[in-house]
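Colleague: model the structure of this input:
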Amino acid sequence: MQNGKTIFSTSAGHIIEYFDSYLYGYFAFMLAPIFFPSEDPTVALISSYGVFAAGFIMRPLGGIIFGHLGDRFGRKSAFLYSILAMALPTFGIACLPSYDSIGLAAPVLLITFRLLQGVSLGGEYGGAALFIREHVKKGSAGYAGSILAAMGFVGALAGTAVGAIFTLEFMPTWTWRIPFFLGGVFGVSVYFLRRTMTETSTFQGIQKEGKILRIPILDVFKHHTRGVLSGLGIGMNTTIPYYLAIIYMNSHYKNQFALSTSAVMGISTCIMVLWVFLLPLAGSWADKLGRTKLMAISALTTLALAFPGFYIMLETSSLYIFIACQVLICLTSIPYVATCSSVLPTLFPPAERYSGSAFSYSLGVAVFGGTAPLIVSPGWSVMVSPSPLHTIYV
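Modeller: Numbers count the residues shown, from 1 in each chain. Coordinates of the predicted model:
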């Protein structure tokens with residue numbers, strides 16, 4: 001029971017991360033004229049998505065900040081501050097006046113709120129992986145970590161549902177504020193839930209032995225280059241297959257097969273549900289087969305299938321073949337994503353574990369994962385489509 005509560009309390013921040021990401025993706029085209037008015041609507045939309053991309057840039061900084069708090073003052077305290085750093089800016093976005101009301105202050109505040117959210121997210125996943133790993137038994141670490149990953153997709157599904165509801169044609173334009181308000185309420189609720197968590201025995205042991213470092217991140221840079229590179233690779237390999245196979249490829253449903261937005265949304269939802277159900281199974285399998293072994297197999301099979309798979313997807317005229325290739329790439333990636341959160345904390349010693357995990361993972365996501373759809377896109381046209389399904393991670 002205690003492990004279940006710990007996993008849920010820890011994973012709740014991951015739910016918020018994906019919930020917020022999908023919300024902003026859905027409402028970016030609506031927020032553009034409200035906060036970035038321009039005679040050219042394309043310029044306004046690009047500015048709006050640029051604000052979202054800024055959140056990725058801040059993640060490594062967030063990894064350093066919350067990593068320092070987690071290694072110096074406790075995993076629990078870092079978790080409490082990180083969730084507040086997400087909830088309060090989300091409330092701020094919900095209440096933010098428009099450009100017409102307060103002028104330049106509106107986009108400046110929106111950018112500030114998004115930057116604060118990016119800082120928060122930089123400490124969330126690495127810290128969540130660490131907190132779960134230090135609480136659960138080693139024999140079930142893979143399964144527990146896979147629940148963390150699955151909760152991210154639960155947040156994505158929730159964001160998709162809420163975004164779809166509040167962008168219906170009969171909804172008043174101001175209702176975009178309601179989902180952000182709900183996100184803030186959920187974040188504050190998670191804060192109070194996390195207050196009931198107990199500190200990990202690992203950190204308590206560091207305290208008793210007097211091994212707390214003054215500036216843990218410096219020790220990470222000096223002595224754990226291999227761990228940083230490995231964590232960066234985990235952040236990269238966890239996000240790129242998903243962002244490209246799910247997010248970026250959604251644009252091709254419209255371009256190649258002329259599907260409606262609702263049809264594309266339905267396909268994406270089904271694939272996300274597939275991830276939610278298969279991630280825990282893969283995590284359980286990792287505990288039996290070996291976590292690093294399963295990650296290696298998953299990474300190699302994804303690499304082997306990526307080039308032919310994406311080539312077929314781009315060239316085929318069959319919708320069923322397209323979906324089959326998309327699902328196949330997801331299936332090869334799922335074991336890696338399910339297992340990585342149980343392996344990431346083991347790359348660093350306990351005294352600098354939060355700093356190393358949070359920073360290295362966030363760096364990989366920011367530099368490689370968050371930019372992947374933009375890098376492979378043929379041009380800015382991918383960004384300026386009014387459909388949020390393939391632009392939310394740009």
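Colleague: so who does the closest residue to Ser284 other than its chain neighbours touch?
Modeller: Spatial nearest neighbour of Ser284, excluding adjacent residues (Cβ to Cβ, 6 or more residues apart in numbering): Tyr143 at 4.6 Å. The way it works is simple: take the backbone N, C-alpha and C, and place the C-beta from them, glycine included. Counting by Cβ atoms under 8 Å, 6 or more residues apart in numbering, Tyr143 makes contact with Pro280, Gly283, Ser284, Ala286, Asp287.
Colleague: which element is Tyr143 on?
Modeller: Assessed by DSSP states H and E, Tyr143 sits inside helix 141-166.
Colleague: quick one: buried residues of that helix?
Modeller: By 16 or more other Cβ atoms under 10 Å, the buried positions in helix 141-166 come out as 141-160, 162-164, 166.
Colleague: ok, stretch 223-231 next?
Modeller: Within stretch 223-231, the residues that count as buried by 16+ other Cβ under 10 Å are His224, Gly227, Val228, Ser230, Gly231.
Colleague: the first one and Glu352 touch, don't they?
Modeller: Yes. With contact taken as Cβ atoms under 8 Å, His224 and Glu352 are classed as touching, separated by 7.1 Å.
Colleague: how close does Leu347 get to Thr90?
Modeller: 31 Å (Cβ to Cβ, to the nearest Å).
Colleague: which one of the two has more residues nearby?
Modeller: Thr90 (28 against 20; other Cβ atoms under 10 Å).
Colleague: in whichever strand or helix holds that one, what's buried?
Modeller: Thr90 belongs to helix 75-95 when elements are defined using DSSP H and E. For helix 75-95, a neighbour-count test (16+ other Cβ under 10 Å) marks 75-94 as buried.
Colleague: that older thread, looking at the buried residues of stretch 223-231, which are in helices?
Modeller: Using DSSP state H, the subset of those located in helices is Gly227, Val228, Ser230, Gly231.
Colleague: redo the residues you listed as JSON lines? Include pLDDT and distance to Phe181.
Modeller: Formatted as JSON lines, these follow (pLDDT from 0 to 100; distance: Cβ to Cβ, whole Å):
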{"residue": "Gly227", "pLDDT": "94", "distance to Phe181": "40"}
{"residue": "Val228", "pLDDT": "95", "distance to Phe181": "38"}
{"residue": "Ser230", "pLDDT": "94", "distance to Phe181": "39"}
{"residue": "Gly231", "pLDDT": "94", "distance to Phe181": "35"}
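Colleague: farthest pair within those residues?
Modeller: Val228 and Ser230 (7.3 Å; Cβ to Cβ).
Colleague: tally of neighbours for the closest residue to Ala129 other than its chain neighbours?
Modeller: Among residues not flanking Ala129 along the chain, Ser341 sits closest, at 3.7 Å (Cβ to Cβ, 6+ apart). By other Cβ under 10 Å, 31 other residues sit near Ser341.
Colleague: confidence score at Ser341?
Modeller: Looking at Ser341, its pLDDT stands at 90.
Colleague: hmm, back to that, with just CA atoms, put the helix holding Thr90 into PDB.
Modeller: Provided in PDB are the C-alpha atoms of helix 75-95 (Å, rounded to 0.1, in the frame of the first residue of the first chain):
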ATOM      1  CA  ARG A  75      14.200  14.400  -2.200                       C
ATOM      2  CA  LYS A  76      10.800  15.300  -0.600                       C
ATOM      3  CA  SER A  77      11.500  19.000  -0.300                       C
ATOM      4  CA  ALA A  78      12.600  19.200  -4.000                       C
ATOM      5  CA  PHE A  79       9.400  17.500  -5.000                       C
ATOM      6  CA  LEU A  80       7.300  19.900  -3.100                       C
ATOM      7  CA  TYR A  81       8.900  22.900  -4.600                       C
ATOM      8  CA  SER A  82       8.900  21.500  -8.100                       C
ATOM      9  CA  ILE A  83       5.200  20.800  -8.200                       C
ATOM     10  CA  LEU A  84       4.500  24.400  -6.900                       C
ATOM     11  CA  ALA A  85       6.700  25.800  -9.600                       C
ATOM     12  CA  MET A  86       4.400  24.000 -12.100                       C
ATOM     13  CA  ALA A  87       1.000  24.800 -10.500                       C
ATOM     14  CA  LEU A  88       1.500  28.500  -9.800                       C
ATOM     15  CA  PRO A  89       2.500  29.500 -13.400                       C
ATOM     16  CA  THR A  90      -0.300  27.400 -14.700                       C
ATOM     17  CA  PHE A  91      -2.700  29.400 -12.600                       C
ATOM     18  CA  GLY A  92      -1.000  32.500 -13.900                       C
ATOM     19  CA  ILE A  93      -1.600  31.600 -17.500                       C
ATOM     20  CA  ALA A  94      -5.300  30.900 -16.700                       C
ATOM     21  CA  CYS A  95      -5.700  34.400 -15.200                       C
END
